[in-house]
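S.K.: return a 3D structure for these sequence lines:
(2 chains)
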Protein chains: 2
Amino acid sequence: MFDSVPVPPKRLEEYRPIVGDAVIAELKELASQLQGARVLHLNATAFGGGVAEILTAMVPLLNDLGLVADWQVIKGANEFYQVTKAIHNGLQGMFVSWTPEMVATWMRYNQLNADLFDQPYDFVVVHDPQPAGILRFLENRQARVLGKRWLWRCHIDLTEAQPDIWDFLRPYVDAYDLVIFTLDKFVKDGLEGPLVRIIPPAIDPMSVKNTPMSRESVENILRSHGVDAQRPYLCQVSRFDPWKDPTGVIDAYRLVKRSFPEMQLVLVASMAHDDPEGWTFYERTARRAGEDWDVHLLTNLHGVGNLEVNAFQTAAEVVIQKSLREGFGLTVTEALWKERPVVAGHAGGIPLQVRHGETGYLVSSVEECAEQIHFLLRNQYAARTLGKTGREHVRENFLITRNVRDYLRAFVGLL
Amino acid sequence: MFDSVPVPPKRLEEYRPIVGDAVIAELKELASQLQGARVLHLNATAFGGGVAEILTAMVPLLNDLGLVADWQVIKGANEFYQVTKAIHNGLQGMFVSWTPEMVATWMRYNQLNADLFDQPYDFVVVHDPQPAGILRFLENRQARVLGKRWLWRCHIDLTEAQPDIWDFLRPYVDAYDLVIFTLDKFVKDGLEGPLVRIIPPAIDPMSVKNTPMSRESVENILRSHGVDAQRPYLCQVSRFDPWKDPTGVIDAYRLVKRSFPEMQLVLVASMAHDDPEGWTFYERTARRAGEDWDVHLLTNLHGVGNLEVNAFQTAAEVVIQKSLREGFGLTVTEALWKERPVVAGHAGGIPLQVRHGETGYLVSSVEECAEQIHFLLRNQYAARTLGKTGREHVRENFLITRNVRDYLRAFVGLL
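M.R.: Presented below is the predicted three-dimensional model:
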């Protein structure tokens, strides 16, 4: 047995006013074929990141629909996480050295976790590369007793994956019945065993990050982090990381500030204590900001959590997501859901969400970014229209109920 | 029993070429009266900070001198360290709220540690406020069985201590036989029980931080941290903390750079992961530096440890320690020992080390700091002379052997 992650229950009925009767009806229809089905979601961490956010919403909704879903976390230790971090980076296109010792460590922990696997499930959904080997390490017959159907859910953009790492991982992935990718273009060639499905991620409109906030709560939060609630601000929520281009955001803000001297900029990031690179990019960002204290650099170290992110997105004049490379970009979804006009980089899954001129603007340079912001600041009506269209686009495509539906369809397809 | 901190042995004879025969002879003379005496140094942490550095050198030297010395660390948990951090800040003059819950926590952990105390010693040296209550929490008779003589070593500048915290602590301190302060002016009035001694801190000339380095090793380290070894640099080694005035150092560097455009600045700091204030001041420093990449902000997060500090001090054109408030300032001692000209703030224990115009320059403003650096850069002979005098001043007064001597004298005085 692994450790179950305790998640508070959720009621699907509460989503009806948001998503409408048809969506609820379809979910119930699909679930009727899966009553009592035992579903295990297995991943490496209960905290942080989009995967944890999605499971926190999806697992209780599956239970409310009559399935028996659980979310468990594999066992690991520092040496294992070092290796899986390298795998993660290498699959995202960074060069990492991939050694026999790393192979041995990954295999040892996957074997260990396979040995801990002792409860039967109808569907086992294994998330990301960390525990991907468990299926192969269960002996074949036992694997089919413990999990009737095995799904591997890859949340990573594999487009630029380092070949030796993907080649190592592929045979483990090939053993699954179904593999789920976020985008069409992330699907890897050469997988022979499994079926493939595309399921984009989604946000939970009932989560602390996305439920509507009162003006008063929002302004209290702005004030307590030194942001002037009486003056407009631009906002980007992203790690300090060159692919998120925080220095480019500052440059665009500076261009905007020439015509809008009242403008502020709020950059919100989550910092990991054990990530020296994160600190290097934080330093670059802080130095680009210089002593312009209208630029606010806020992190979890300043007590910025989900509620604060909600507040900063809610009251932003324009939300920026100037990514140069991006998996999907759930922060864009969050901003669109809050009817914010979004100016975002033409990268990864962002164009799925931001349809240029319809639900936001796609840009490829600092100058374009500044121009589009200028335009939005001068055209409040256009800004409002984008925001409203963006919210409907999210309602249709990127809410957690659509995600639940896609999983139910995948399960039904494997019956 | 507490956990013993394992420290590698040291041989006093190795210090003879550095400190001379007379010093060695005096140490042996004093130690001859203490052969076999069991000494316990008890503090709260084995890592980081000046106390750990001093004990790492002093404990093995006491053993080499024929005493039986040990260094142990008390047991604690997060709630206790929260309280002792507040005590530390409050004693240093910061306002902290001092609540009955904090009192209860501190007392509970001191009682717990008193209960763990089960080995007899001739001298117990308790460092700093964290474990200061252990003596009172041992029942009186038992205290004198387990420790014949009790010493409390205070490493903190108590000049501005918050009264309610010191008033709370005083009765616990009053139970000791001897209390040791760093400077005369740190001695608190109102202690009735103990004798008082003044023992300034000291550096270990044989430590990685202070042994001579080859030019090649130094330049390798500079290069690997992006510092141009062909161009001069100023250096300050200090936490990012308003009392160390890193932004003032950057301002002084800027004034200097007007006449010496080749000049670089290296700020080296140790950052604690769990110290949000540290990050705030890091941000202020980085923003003051702006995108002048001749200003290098280096920390343990970039892999800067003792050897690197040694290198940066060794090759600095001028070492700055522009403190506005300072306990003693061991980084000044380290720089003087390396014959570096030092420009330092007129604060705390710095004037003991930097005698203005003799072993360095004392300054009270950014402009003075820049002027004295200017002067030193233009007067290489003066700079060299200061450096040499500084080294002799440290040899005489601030090497670990003098520290060992003072402790031996304290022990002998209590026989």
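S.K.: from the stretch 1-150 of chain A, which residue is nearest to chain B?
M.R.: A:Asn78 (15.2 Å; CB to the nearest CB). From N, CA and C alone the C-beta is placed, and that goes for glycine too.
S.K.: how about the contacts made by A:Leu42?
M.R.: A:Phe2, A:Trp71, A:Gln72, A:Val73, A:Ile74, A:Val124, A:Val125, A:Val126, A:His127, A:Pro131, A:Ile134 (CB atoms under 8 Å, 6 or more residues apart in numbering or on different chains).
S.K.: that one belongs to a strand?
M.R.: Yes - according to DSSP: H, G, I helix; E, B strand; the rest coil, A:Leu42 belongs to a strand.
S.K.: partner residues bridging it?
M.R.: Beta-bridge partners for A:Leu42, by DSSP bridges, are A:Gln72, A:Val126.
S.K.: from A:Asp118, how far off is it?
M.R.: Taking CB to CB, to the nearest Å as the measure, A:Leu42 falls 13 Å from A:Asp118.
S.K.: rewinding a little: how many residues are close by the residue of the stretch 1-150 of chain A closest to chain B?
M.R.: A count of neighbours around A:Asn78, defined by other CB atoms under 10 Å in any protein chain shown, yields 8.
S.K.: can you list the domains in chain A?
M.R.: Using automatic domain parsing, the domain ranges for chain A come out as A:3-202+A:399-413, A:215-397.
S.K.: tell me which of these sits nearest to B:Cys154.
M.R.: With CB to CB as the measure, domain A:215-397 is the member of the domains of chain A nearest B:Cys154 (31.3 Å).
S.K.: how about that closest one against chain B, any contact?
M.R.: Yes - applying CB under 8 Å from any CB of the partner chain, one finds domain A:215-397 touching chain B at A:273, A:276, A:279-280, A:283, A:286-291, A:297, A:299, A:301-302.
S.K.: so which of those residues is the closest to B:Glu13?
M.R.: A:Pro276 (41.1 Å).
S.K.: for the lowest-mean-pLDDT helix or strand in chain A, which positions count as buried?
M.R.: Scoring the helices and strands of chain A by mean pLDDT, DSSP states H and E places helix A:140-146 at the bottom, with a mean of 78. Residues of helix A:140-146 classed as buried by neighbour count (16 or more other CB atoms under 10 Å in any protein chain shown): A:Ala143, A:Leu146.
S.K.: against chain B, how distant is A:Gly329?
M.R.: From A:Gly329 across to chain B, the span is 26 Å (CB to the nearest CB, to the nearest Å).
S.K.: go on, A:Glu396?
M.R.: With the distance defined as CB to the nearest CB, A:Glu396 ends up 41 Å from chain B.
S.K.: shouldn't that residue be within a strand?
M.R.: No - counting by three-state DSSP, A:Glu396 is located in no strand; its state is helix.
S.K.: burial measure for it, as a count.
M.R.: Applying other CB under 10 Å, we find 11 residues neighbouring A:Glu396.
S.K.: again with the one 10 residues further on
M.R.: Residues near A:Asp406, counting by other CB under 10 Å, number 17.
S.K.: now it. Nearest residue, chain neighbours left out?
M.R.: Distances taken as CB to CB, 6 or more residues apart in numbering or on different chains place A:Ile199 nearest to A:Asp406, at 4.3 Å, with adjacent residues excluded.
S.K.: sorry, back to before: where does confidence bottom out across the contacts of A:Leu42?
M.R.: Least confident entry in those, by pLDDT: A:Phe2, with 85.
S.K.: from what I see, that one and A:Gly76 are in contact.
M.R.: No - look at A:Phe2 against A:Gly76 with CB atoms under 8 Å: they stay out of range, at 10.6 Å.
S.K.: ok, back up a step: what separates the following helix or strand past the least confident helix or strand of chain A from the chain centre, distance-wise?
M.R.: Where DSSP states H and E defines the elements, the next helix or strand beyond helix A:140-146 is strand A:147-153. Strand A:147-153 has its C-alpha centroid displaced from the chain centroid by 21 Å (CA atoms, centre = their mean, to the nearest Å).
S.K.: quick one: strands adjacent to strand A:147-153?
M.R.: Strand A:147-153 is paired, per DSSP bridges, with strand A:121-127 (parallel), strand A:178-181 (parallel).
S.K.: tell me the mean pLDDT over the last one?
M.R.: Read it as strand A:178-181. Rounded mean pLDDT across strand A:178-181 is 96.
S.K.: chain center to it, what's the gap?
M.R.: For strand A:178-181 - counting by CA atoms, centre = their mean - the centre lies 16 Å from the chain centre.
S.K.: what do you get for stretch A:351-370?
M.R.: Worked out by CA atoms, centre = their mean, stretch A:351-370 lies 20 Å from the chain centre.
S.K.: OK, contacts around A:Pro200?
M.R.: A:Thr182, A:Leu183, A:Phe328, A:Gly349, A:Leu352, A:Asn397, A:Phe398.
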